[in-house]
Each structure stands twice: as C-alpha cells, then as structure tokens.
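Chemist: okay, sequence plus prediction incoming.
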Amino acid sequence: MTLKAENLSRRYMRKTGQANYFYAVKGVTLELRPGEVTVLMGRSGSGKTTLLHMLSGLLTPSEGRVLLGDADLYTMDDGALSRLRNERIGVVPQGRSAIDSLTVLENVLLPGKMYGGGDEKEAMRWLEALEIDHLAASRPAELSGGELRRMAIARALAQDPAMLLADEPTGDLDDVSTGRVLSVLKDAARDRSKAVLIVSHDSEATHYADVLYRMDGGVVTEKF
C-alpha cells in the first residue's frame, strides 16, 4: 500500500506583522512505497513534524491531499479516519507518549485493544527485536528515555501497520541502540513490506535510506 502526498501545505495565521499567515509546509509532493525506507532530513523548525502529522491523518492540511491506497484521508469522517489510522498507520511521536499506569506490554497492546484486537505474541516479538522484552512487566517510570522511545516503536509496529511514520526515533538513543532501532525499521520495510518514513536530523539514518529527502523552510528541496 502506497501513501501519496499531493501538493501538501499547512499555513498558520499571524496576529502581527506584515503578512497575515505563514507556511509551515508548502507544496510537498512525495510517495511512501512498500518495502522502502524514506528518510526526511532537516533542522529543527524546518516543517518535518508538521508534514509527518499531515501524512498520518493527525493534522488537516490547508491545501493538497493525502492518499493511502484509494482512501483520501481528509475526506473521511473522524470515526473512519481514526480506525484507518489505528489499523494502517503506525506513528512514533517525538515526545513522551507512555501511559504511566500501564506496564510496557500493556502500553504496546493498547492501540490494538481499542478495536478489540491486540496480539501479545506480536507485541513481545517487537519488544524482543528492540531488546527491551525483559522490561515487559515494568512501568514507564522505571524506564530510561531511550527505553521509552523503543517502547513507542514497538507499539507502532505491533499493530502490523502498512505505514510506519517515525519522528526522530533515535533522538534519545546511544550509538548502539541507534543502530538497533534503524536496523529494526529497515527490516520492517524489507521483510514485512512496510512503507517506513524516518523524520530525523541524525545523519546515521541516511545510511538506512532507500529514498532520501531534505526539508528546509517548509519545502522538500532535494531528493538525492
């Protein structure tokens, strides 16, 4: 399943200044294809996270559209879009997203439980791949920042989504854990035919890319 962005833009209104709005993302067209890792590089503030949120169905674009297969995400009602996102799009957010009252395993299983699913064997498979299966019964407060990041990646993968969109997935990790996470994401694309997008300013991610983009000032300026 391919995800396509067509002339995607997001603008925000200003209260002061000469212009009454500015573009956080402007005129982006790209495709995320099954079996490929796409890496989007750029500095903080370049629009990467805003673009990822639009691609994942979390932020309505000002212009353009997002197609997942034949589904036009932003013509769907909220219920249908939420279910599609739950079943087809795995998102690894940049910030902390754990629920402290649940164990690590329960956090990973939670998205599936929302619609009557949740495969414990699959969840443990990803926890093991990310080398935190020994923490399955632990609470988030007991984990380091890097372990929490790997838990979030396991949670996104445990639903077996067609798309995986990861926002700075190596941001809290040391060199060894960075290599492990990027290898797992590469394997998910290659072995499970997932379309993987890694949004990052970590140059190590470029070594795992099948497709590489640069973003600056809200514009995807180069593919190389």
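Modeler: Noted; the coordinates are in hand. Residues are numbered from 1 along each chain as shown.

Chemist: residues in contact with stretch 40-50?
Modeler: By C-beta atoms under 8 Å, 6 or more residues apart in numbering, the residues outside stretch 40-50 that reach it are 10, 24-26, 51-52, 59, 94, 167, 197-201, 203, 205-206, 212-220. The C-beta positions use only the backbone N, C-alpha and C, and glycine is treated the same way.

Chemist: now, the residues you listed that are in helices?
Modeler: Under the assignment DSSP state H, the contacts of stretch 40-50 contribute Leu51, Leu52 to helices.

Chemist: what subset of the contacts of stretch 40-50 is buried?
Modeler: Among the contacts of stretch 40-50, those buried by neighbour count (16 or more other C-beta atoms under 10 Å) are 10, 24-26, 51-52, 59, 94, 167, 197-200, 205, 212-215, 218-220.

Chemist: please enumerate the strands of this protein.
Modeler: Taking DSSP state E as the test, the strands found in the chain are 3-13, 21-32, 37-41, 63-68, 71-72, 89-92, 163-167, 195-200, 211-216, 219-223.

Chemist: comparing those by mean pLDDT, which bottoms out?
Modeler: For the strands of the chain, mean pLDDT drops lowest on strand 219-223, to a mean of 80.

Chemist: not counting its neighbours along the chain, what's nearest Ala24?
Modeler: Using C-beta to C-beta, 6 or more residues apart in numbering and skipping the chain neighbours, the partner closest in space to Ala24 is Thr50 (4.5 Å).

Chemist: neighbours of the one you found, just the number please.
Modeler: Thr50: 22 surrounding residues under other C-beta atoms under 10 Å.

Chemist: Val184 contacts Ile153, correct?
Modeler: Yes - Val184 is within contact range of Ile153, at 7.2 Å (criterion: C-beta atoms under 8 Å).

Chemist: any common contacting residues for the two?
Modeler: With contacts defined as C-beta under 8 Å, 6+ apart, the residues adjacent to both Val184 and Ile153 are Trp126, Leu130.
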